[in-house]
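Engineer: Build the 3D model from these lines:
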Amino acid sequence: MKSAVATPRQDARIVMNLEEAIRTRRSTHYFRPGPAISQVQWNKLFELTELSPSSFNFQPWDFIVVDDPERRKQLHPLCWGQKQVLESAAMVAVLGDKNPHRRDQQVLQQFHDNGYIDESTRNAYLQAVDVVYPEEGRRIEHAVGGACLAAMTFMLAAHGMGLATLPMIGFDPEGVRRFLGVPDEYLVTMMMAVGHSANQELPRQQRRGIDDIVHWDRFGQQRT
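Structural biologist: Purely as a prediction, here's the structure:
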């Protein structure tokens, strides 16, 4: 007898509250066959993802969706042969933009037009961009940090829509870059498998407790 499997929704409704989404989201290692992710679902996912925070609102992220099965077969060896590349409904490359400052005039003008800053502050911010990100290392940190914030928003939104995700750092960065045609000013910060969970995960691994991860006023200091 076949076990009952819930039919995946094809709409883009978020069906759980925030705490439930955070507590129940898992990195899914076992995907099952299911319908392709609809364009409506993709649109909702990225509509929510683009609301992620970023320094100066530069939004240093881009995404490449690979949902064609033949393309994923070619991507498979570049992701260390991990089975999720083939079993999920799609792979998403999360890119970090090392040079989002190309949009500084546009973004800071929006700050001005929306009443956040005056003209003199806008001009000061334009000068500050090179001070805040003076070197390649800082630009990489900015790109990776921003892309990771966006990726977490994406994964929570996907979970709320009944989709499963797996963030993956096991891949050939240069090979994936060439395969996907990623320009040099972008980093491939992670790959994400997206699809339908087979519900075969083991219990969640233990997490470090609050007393272990939270320090008060200075590192190593606890509240009594």
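Engineer: Tell me which helix or strand comes right after the helix or strand hosting Ile64.
Structural biologist: Under the criterion of DSSP states H and E, Ile64 resides in strand 61-66. Downstream of strand 61-66, the next assigned helix or strand under DSSP H and E is helix 69-75.
Engineer: now the next helix or strand after that following helix: how far from the chain's centre is it?
Structural biologist: Once the chain leaves helix 69-75, the next helix or strand it forms, by DSSP H and E, is helix 84-87. Averaging C-alpha positions (CA atoms, centre = their mean, to the nearest Å) puts helix 84-87 18 Å from its chain's average.
Engineer: Give the pairing partners of the single longest strand found in the chain; include direction for each.
Structural biologist: Determined from DSSP state E, the single longest strand within the chain is strand 186-197. Here strand 186-197 has these sheet partners by DSSP bridges: strand 31-32 (antiparallel), strand 90-97 (antiparallel), strand 164-168 (antiparallel).
Engineer: just checking, what packs against the strand holding Ile64?
Structural biologist: When contacts are defined as 3 or more CB pairs under 8 Å, 6 or more residues apart in numbering; DSSP states H and E, strand 61-66 packs onto helix 39-49, strand 90-97, helix 136-160. For glycine as for every other residue, the C-beta is placed from the backbone atoms N, C-alpha and C.
Engineer: Format those as a markdown table; extra columns: mean neighbour count, distance to Ala193 and mean pLDDT.
Structural biologist: Putting the helices and strands packed on strand 61-66 into a markdown table (neighbours: other CB atoms under 10 Å; distance: least, CB to CB, whole Å; pLDDT from 0 to 100) gives the following:
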| stretch | mean neighbour count | distance to Ala193 | mean pLDDT |
| --- | --- | --- | --- |
| helix 39-49 | 17 | 14 | 97 |
| strand 90-97 | 24 | 6 | 98 |
| helix 136-160 | 19 | 11 | 96 |
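Engineer: Which one of these lies nearest to Ile14?
Structural biologist: Nearest to Ile14, of all these, is helix 136-160, at 4.1 Å by CB to CB.
Engineer: Just give me how far that closest one sits from the chain centre.
Structural biologist: Relative to the centre of its chain, helix 136-160 is centred 5 Å away, using CA atoms, centre = their mean.
Engineer: Just want the angle from it to strand 61-66.
Structural biologist: Angle, helix 136-160 to strand 61-66, by axes from the mean of the first three to the mean of the last three CA atoms, to 10 degrees: 50 degrees.
Engineer: For stretch 174-187, C-alpha coordinates in CSV please.
Structural biologist: C-alpha atoms of stretch 174-187 as CSV (Å, rounded to 0.1, in the frame of the first residue of the first chain):
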residue,chain,number,x,y,z
GLU,A,174,35.0,28.6,-10.7
GLY,A,175,33.3,25.8,-12.6
VAL,A,176,29.9,26.9,-11.6
ARG,A,177,30.8,30.5,-12.5
ARG,A,178,31.8,29.5,-16.0
PHE,A,179,28.8,27.2,-16.5
LEU,A,180,26.3,29.9,-15.4
GLY,A,181,28.1,32.8,-17.2
VAL,A,182,28.6,34.7,-13.9
PRO,A,183,30.5,38.0,-14.4
ASP,A,184,33.8,38.5,-12.5
GLU,A,185,32.3,41.1,-10.1
TYR,A,186,29.9,38.5,-8.6
LEU,A,187,30.7,35.7,-6.2
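Engineer: residues making contact with it?
Structural biologist: 62, 64, 66, 74-75, 78-79, 93, 95-99, 140, 143-144, 147, 173, 188, 191 (CB atoms under 8 Å, 6 or more residues apart in numbering).
Engineer: would TSV of the strands paired with strand 186-197 with distance to His196 be doable?
Structural biologist: What follows is the strands paired with strand 186-197, written out as TSV (distance: least, CB to CB, whole Å):
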stretch	distance to His196
strand 31-32	5
strand 90-97	11
strand 164-168	6
